[in-house]
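> A predicted structure for the sequence below; I have some questions about it.
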Amino acid sequence: MRLKDKVAIVTGSSRGLGNALAAALAAEGAVVGVTARSLSDAERAAAALGSRAFPLAVDVTSTESVDAMAAAMLARFHTIDILINNAGIVTPFCEVVDMPVEDWDRTFTVNLRGAFLCCRAVLPTMIERRYGKIINLGAGVLDERVQLGIAAYCASKAGVINLTRQLAAEVRRYKINVNAIDPGAVHTAMAKGFEVNEETKRWLALQQTVDETHGQRFRRAEEIAPLAVFLASDESRMLNGRFLQVSSQAYPYYLQL
């Protein structure tokens, strides 16, 4: 029970990677705010996780909605110890020259603005209590590799990485740790959707022609959880402003940037 009596929020946790992270935190003793845009989705996911899960409806792009999420957790549990910014989107694969401006803007609004708003909402209580763990989900540092067709996603996640570093420097004096994880390719419903999409298959085939040195293994969401639990625990108190890549024996990259 490494997170016993801690209070956490995991955004985008009604399914996929976020749900696996929420389940791992709850299994370690934390009370977890399970969030989704739809309250019914959040309630369904929270019920599956048991008594340690608390459902919340939130639109991470809305200041009012994010502030209401934090206020609801504080009203119920009087603190927020852990925030995992998992909510994110990938727009349809497309070269920059053909990308609709609205797709670019929405990607940044969800992935980067959403992380900023959630950090800002939980920081006052963390600063007051001189304690907090913020974990952001980044992407795109696998050596010099690029992912064709998802420039907006990778650019927004680069922003998340630098937000992590800048925020870590700002709040370290309050004993708040801010770190980020690159989970790699995770086998979620979103990824499954890519696999059956013919246009995406074409992009992935094109990717292989420009980068033949790296195979891509889709990880199970549960494989990401141990690193998230570690960063959420007191064991990681010496790590701050770091971007850590999940690795495994089958996918042997060990990067810490």
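Alright, I've got the coordinates.

> in what helix or strand does the nearest residue to Glu222 once chain neighbours are set aside lie?
Spatial nearest neighbour of Glu222, excluding adjacent residues (Cβ to Cβ, 6 or more residues apart in numbering): Ala20 at 5.2 Å. For every residue, glycine as well, the C-beta is placed using N, CA and C. Assigned by DSSP states H and E, Ala20 falls within helix 16-27.

> Give me the helices and strands touching that helix, please.
strand 7-10, strand 31-36, helix 39-49, strand 82-85, helix 225-232 (3 or more Cβ pairs under 8 Å, 6 or more residues apart in numbering; DSSP states H and E).

> Report the distance from that helix to the chain centre.
11 Å (Cα atoms, centre = their mean, to the nearest Å).

> mind listing what Tyr159 touches?
Careful, residue 159 is Gly and not Tyr. Contact analysis of Gly159 by Cβ atoms under 8 Å, 6 or more residues apart in numbering lists Phe108, Asn111, Leu112.

> Now that the residue nearest to Glu222 has come up, it's in contact with Ala225, right?
Yes - the criterion here is Cβ atoms under 8 Å, and Ala20 meets it with Ala225 at 5.5 Å.

> Find residues that contact each of the two.
Joint contacts of Ala20 and Ala225 (Cβ under 8 Å, 6+ apart) do not exist.

> thinking again about what came up before, let's have the helices and strands packed on helix 16-27 in CSV, adding distance to Gly16 and mean pLDDT.
Below are the helices and strands packed on helix 16-27 laid out as CSV (distance: least, Cβ to Cβ, whole Å; pLDDT from 0 to 100):
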stretch, distance to Gly16, mean pLDDT
strand 7-10, 11, 98
strand 31-36, 11, 98
helix 39-49, 10, 97
strand 82-85, 13, 98
helix 225-232, 12, 95
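
> Quick one: the ones you listed as CSV, columns for distance to Ala169 too.
Converted to CSV, these look like this (distance: least, Cβ to Cβ, whole Å):
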stretch, distance to Ala169
strand 7-10, 23
strand 31-36, 27
helix 39-49, 33
strand 82-85, 17
helix 225-232, 17
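
> closest to Ala70 out of these?
strand 7-10 (7.6 Å; Cβ to Cβ).

> can I have the closest one written out in PDB, keeping just the CAs?
Backbone C-alpha positions of strand 7-10 (Å, rounded to 0.1, in the frame of the first residue of the first chain) are rendered in PDB as follows:
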ATOM      1  CA  VAL A   7      -5.800  11.400  -3.000                       C
ATOM      2  CA  ALA A   8      -5.300  11.300  -6.700                       C
ATOM      3  CA  ILE A   9      -6.800  12.500 -10.000                       C
ATOM      4  CA  VAL A  10      -6.200  10.700 -13.300                       C
END
